[in-house]
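A.B. asks: sequence unavailable; structure follows:
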């Protein structure tokens, strides 16, 4: 009996060791890959035609709004919430060239979501993403480190500032795509990977005019 218990314990420890090794060698790198860290190059495929068309269509209204309201008209940030969270859907978009410069993952709000859809809301305490255009304001160091204040410019996101919806990073957001697996959710903030936020910061810091963020569905 004692021999059986010893063999069982040894086998259990072996299984745990193999599982842990598998996690660090295969599973964990998929969520924390640094091979493309800081690059976030967007590779267009045949299935991305609709995504590109939607981006170009949204860019037309962003261009016009930027010129009329003194925002940066060279580039903007756009988030397509129709794309699954495990795929790149936060785009740094060149308005002059009508092209994507970089793309990364971004979390959506956790409020009232279902397995099949993401819910949107402008209400306080909803924990939902709010759709619409945002003015990216000053940076500050908050609970999650570097963050940028956001000011909602549409009726659908007018409460963003009062809801403390900001652009920030979190370690739970990986650098590389995880699809078909989803990524973590936020409490309504557009939350990105720390390395991707550093890329966004470079664009924001060098801009003499405010940069627009457009979250759409």
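C.D. replies: The structure has been received and is ready for your questions. Fair warning: this is a prediction, and the values are worked out from it, not measured in the lab.
A.B. asks: my guess is residue 195 is in a helix, correct?
C.D. replies: Yes. Assessed with DSSP: H, G, I helix; E, B strand; the rest coil, residue 195 lies in a helix.
A.B. asks: surely it meets residue 175?
C.D. replies: Yes. Counting by CB atoms under 8 Å, residue 195 touches residue 175, with 5.6 Å between them. (C-beta placed from N, C-alpha, C; glycine too.)
A.B. asks: okay, the two: which has more neighbours?
C.D. replies: Between residue 195 and residue 175, counted using other CB atoms under 10 Å, residue 175 has the larger neighbour count: 21 against 18.
A.B. asks: sec struct for the more buried one, please.
C.D. replies: coil.
A.B. asks: doesn't residue 88 make contact with it?
C.D. replies: No. Residue 175 lies out of contact with residue 88 (CB under 8 Å); the separation is 10.3 Å.
A.B. asks: identify the contacts common to these two.
C.D. replies: Applying CB atoms under 8 Å, 6 or more residues apart in numbering, one finds that residue 175 and residue 88 are jointly contacted by 40, 104-105.
A.B. asks: go through the residues you listed and single out the one with the most neighbours.
C.D. replies: residue 105 (26 neighbours).
A.B. asks: gap between it and residue 133?
C.D. replies: Residue 105 is 21 Å from residue 133, where distance means CB to CB, to the nearest Å.
A.B. asks: and the lengthiest strand in the chain, what does it pack against?
C.D. replies: Scanning the chain for the strand with the most residues, using DSSP state E, yields strand 132-142. The contact analysis (3 or more CB pairs under 8 Å, 6 or more residues apart in numbering; DSSP states H and E) places strand 132-142 against strand 145-152, strand 166-169, helix 194-206, strand 212-216.
A.B. asks: go again using 10 Å as the cut-off
C.D. replies: Applying 3 or more CB pairs under 10 Å, 6 or more residues apart in numbering; DSSP states H and E, we find strand 132-142 packed against helix 49-69, strand 75-80, strand 145-152, strand 166-169, helix 194-206, strand 212-216.
A.B. asks: please convert those to JSON lines, extending it with distance to residue 186.
C.D. replies: Listed next are these as JSON lines, based on distance: least, CB to CB, whole Å:
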{"stretch": "helix 49-69", "distance to residue 186": "22"}
{"stretch": "strand 75-80", "distance to residue 186": "12"}
{"stretch": "strand 145-152", "distance to residue 186": "12"}
{"stretch": "strand 166-169", "distance to residue 186": "9"}
{"stretch": "helix 194-206", "distance to residue 186": "13"}
{"stretch": "strand 212-216", "distance to residue 186": "12"}
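A.B. asks: out of these, the one nearest residue 128 is which?
C.D. replies: Closest of these to residue 128 is strand 212-216, at 11.4 Å (criterion: CB to CB).
A.B. asks: let me see the domain layout of the protein.
C.D. replies: 1-31, 38-216 (automatic domain parsing).
A.B. asks: gap between residue 211 and residue 69?
C.D. replies: 12 Å.
A.B. asks: circling back: between the helices and strands packed on strand 132-142, which gets nearest to residue 93?
C.D. replies: strand 75-80 (5.3 Å).
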